[in-house]
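**Q** What follows is a predicted protein model with its sequence.
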Amino acid sequence: MTYCVGMRLDAGLVFLSDSRTNAGVDQVGTFRKMSVFELPGDRMMVMMTAGNLSISQSIRQLVTELQSEEGHSIWNAPTMYEAARILGQAVRQVHDRDAKALSEFGIEFNVNIIFGGQIKGERCRLFQIYSAGNFIESHDENTYFQIGEAKYGKPIIDRVVTPSTTLDDAAKCALISMDSTLRSNVSVGLPLDLLVYEAGKLAVTRFVTIDERNQYFQMIRSTWGQQLKRVFEDLDAPAWNAGPGAGANVLHSANANSKPVRVAPPAGVTAPAAVSPALQTLVQQFHDGQQ
């Protein structure tokens, strides 16, 4: 499995991917999921993939050569939308070629792609492309896409990232999101590829491969956990059966009529008789003497 996240911001784009590929408990490998298509001064595009690795690699190879009916390729498409359409066409061609043969071996045609960048003359754009070759585009209401093991790293992005977020803050948020995923899912692993693109540059502006020795990522991993624990400990404990004027941390008030849904026991089932404290003491003394 994998985890990739792409963010579209007013200031540019942020892409982050892991490199773990897991085909079984004893077949864990490292394969980079991020590919860059770049003609400096004209276009800079990034593709990140999740799903079946052989399908992803086939799509990456095919899209570098594929031309649309209009004669457009990913290298000369006039817009990012057209480039995304060509990438979707590559997905469909690989499906037509391989899906039936894969299904005969019980393998699902499974691929998800984040594709984004900028072509000269238009703004930065970001797309998510599905196994059927169809795609959606990011807008201000949804400034990011995730693929792979997305659930662990989603909450921090939802709380922090907006279109006006700076590139450095977005990169920091993406790394925290990745750290949350690494801690909760062993199918995601180092090293990571982080690409930060500044709008209008039409070339890769900042890129780093992050392994376990990276100083900044190690700081994120330790500091974020410590800060979370500190915030958790600073939160008040809930107040139960609280009366008037109990404060803002009331979970249950004294006059609340909250009751669980209780399942009636079958006929003839009764609670065991209560054991007297004196008998409990004797039993405990007996067990202590046996040790």
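**A** Okay, I see it.
**Q** Where do the helices of the stretch 1-150 of the chain begin and end?
**A** 53-63, 80-103 (DSSP state H, counting those that start in this stretch).
**Q** Distance to residue 185 for these - can I get that in CSV?
**A** (Glycine included, C-beta is placed from N, CA and C.) Listed next are the helices of the stretch 1-150 of the chain as CSV, based on distance: least, CB to CB, whole Å:
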stretch, distance to residue 185
helix 53-63, 17
helix 80-103, 25
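**Q** how about CSV for these, with mean neighbour count added?
**A** Formatted as CSV, these follow (neighbours: other CB atoms under 10 Å):
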stretch, mean neighbour count
helix 53-63, 19
helix 80-103, 18
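**Q** who wins for proximity to residue 158 among those helices?
**A** Among those, the nearest to residue 158 by CB to CB is helix 80-103 (24.4 Å).
**Q** who touches the spatially closest residue to residue 240 that is not a sequence neighbour in this structure?
**A** Nearest non-adjacent residue to residue 240, counting by CB to CB, 6 or more residues apart in numbering: residue 252, 4.9 Å away. Residue 252 sits next to 238-242, 258 when contact means CB atoms under 8 Å, 6 or more residues apart in numbering.
**Q** for residue 169, same thing?
**A** Per CB under 8 Å, 6+ apart, neighbours of residue 169: residue 160.
**Q** part of a strand, is it?
**A** No. Under DSSP: H, G, I helix; E, B strand; the rest coil, residue 169 falls outside any strand and is assigned helix.
**Q** How many neighbouring residues does the closest residue to residue 241 other than its chain neighbours have?
**A** Excluding the flanking residues, the one nearest residue 241 by CB to CB, 6+ apart is residue 254, at 4.9 Å. As a burial measure, residue 254 scores 11 neighbours (other CB atoms under 10 Å).
**Q** Report the separation between residue 254 and residue 247.
**A** Distance, residue 254 to residue 247, by CB to CB, to the nearest Å: 14 Å.
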